[in-house]
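**Q** What would the 3D arrangement of this be:
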Amino acid sequence: MLRHRCFWGICLGGLFTVIFWSISWSQPDNYIALSEQKLQKELQRNPTHEEIIIDLNILAIKYYRERQYQKSSNIAEQALNYTEKNLGINHANTLSIANNLANLYMAQGRYQAAERLYARTLEGREQVLGKDHPDTLSSANNLAHLHMSQGRYRAAERLYMQALEGRERTLGKDHPDTLNSVNDIAVLHKSRGRYQAAEPLYLRALEGREQMLGKGHPDTLTSANNLANLYMAQGRYQAAEPLYLRALKSREQVLGKEHPDTLTSANNLAGLYEAKGRYEGAERLVLQTLKGIVSQANLLS
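**A** Numbering: from 1, shown residues only. So this is what the prediction gives:
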């Protein structure tokens, strides 16, 4: 499973401000409300470029959280236009915001718009930051994700390899970002039916994440689940079952019984039990999954 992470990160001179953006983003509501008021006040004086950019990003987060995607896109586009005009097309902050907007388009399924921005960001970062800079490698990885989602495997593989080789050189073979690249290439190989090529990469990602992040870390559990999926696709049920069980039990403990990843593990184990003719166990897990999905839908409604 690809773990697609949307985030907003802005590096402003000596000040490093990072604003994380995801569906589970948990900044308090009163902070968001205050930020909107702050923007209105700042526009009446003479705010710095940095202050305006930060507040535009916070507003984009606010609308995204409220599932007002068009408003979020409009604010993000406003932020990009502002930075292009005031900081320059290839300024590091402009490229970060272009990447952020591409992430939003990707989440909305607007792949052509996302691809243009990802490609532009990658080219700009290669020129400004260098080919092995972490942000450049993240851009290569993002564009690879897009190609992967569209079934353009050759283009995706080239970019995934670029990201992996650059991260191995600059971050080391066991860095979490490097292991993310290892996992991505394994997913690509599995998607193309290249199981023998995928297995050692899945094993490397799992073992590396166990050592670097711990056995109960969500990324480690994703690796356990991914490896089990590979074994399942090969009909190696005995090898898959302990990995599915491990992922399910640990996700219940770490993430909770109704977390989407936990429900995925329950559903995966149900599929294995069905394949082995263990229908009572499969039915119990399917019902658990359906109950969790209904509960999550009620929370979002």
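
**Q** only C-alpha atoms for contact and neighbour calcs from this point on.
**A** Will do.

**Q** how close does Tyr237 sit to Gly109?
**A** If you measure Tyr237 against Gly109 using Cα to Cα, to the nearest Å, the figure is 35 Å.

**Q** of those two, who's got more company?
**A** More neighbours surround Tyr237 than the other of Tyr237 and Gly109, with 17 against 13 (other Cα atoms under 10 Å).

**Q** okay but that one is in contact with Leu272, surely?
**A** Yes: with contact defined as Cα atoms under 8 Å, Tyr237 reaches Leu272; the gap is 7.0 Å.

**Q** Report the buried residues of stretch 183-200.
**A** For stretch 183-200, the neighbour count (16 or more other Cα atoms under 10 Å) marks 183-190, 195, 198-199 as buried.

**Q** Please disregard the earlier target; I meant stretch 95-111.
**A** Within stretch 95-111, the residues that qualify as buried are 95-106, 111, counting by 16+ other Cα under 10 Å.

**Q** Helices of the stretch 1-150 of the chain, residue ranges please.
**A** Along the stretch 1-150 of the chain, counting by DSSP state H, counting those that start in this stretch, helices occupy 29-42, 49-65, 69-86, 92-107, 111-128, 134-149.

**Q** In CSV, list the ones you listed along with mean pLDDT and distance to Lys173.
**A** What follows is the helices of the stretch 1-150 of the chain, written out as CSV (pLDDT from 0 to 100; distance: least, Cα to Cα, whole Å):
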stretch, mean pLDDT, distance to Lys173
helix 29-42, 52, 39
helix 49-65, 78, 33
helix 69-86, 88, 35
helix 92-107, 89, 26
helix 111-128, 97, 22
helix 134-149, 96, 14
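
**Q** just so I know, which of those lies nearest Gly256?
**A** For these, proximity to Gly256 was assessed by Cα to Cα; helix 49-65 is nearest, at 21.4 Å.

**Q** and that closest one, what other elements does it pack with?
**A** The elements that helix 49-65 packs onto, with contact taken as 3 or more Cα pairs under 8 Å, 6 or more residues apart in numbering; DSSP states H and E, are strand 8-12, helix 29-42, helix 69-86.

**Q** Kindly recompute the last result at 10 Å.
**A** Helix 49-65 is packed against strand 8-12, strand 15-19, helix 29-42, helix 69-86, helix 92-107, with contacts defined by 3 or more Cα pairs under 10 Å, 6 or more residues apart in numbering; DSSP states H and E.

**Q** Mutual contacts of Tyr237 and Leu272, please.
**A** 228-229 (Cα atoms under 10 Å, 6 or more residues apart in numbering).

**Q** Thought Leu101 was touching Tyr69, still the case?
**A** No: Tyr69 is beyond contact range of Leu101, at 11.5 Å (criterion: Cα atoms under 10 Å).

**Q** mind giving me a markdown table with the helices of the stretch 1-150 of the chain and columns for distance to Gln162?
**A** Formatted as a markdown table, these follow (distance: least, Cα to Cα, whole Å):
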| stretch | distance to Gln162 |
| --- | --- |
| helix 29-42 | 38 |
| helix 49-65 | 30 |
| helix 69-86 | 27 |
| helix 92-107 | 18 |
| helix 111-128 | 12 |
| helix 134-149 | 7 |
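
**Q** For the longest helix seen in the chain, give the mean pLDDT please.
**A** The helix that spans the most residues within the chain, counting by DSSP state H, is helix 279-300. For helix 279-300, mean pLDDT is 88.
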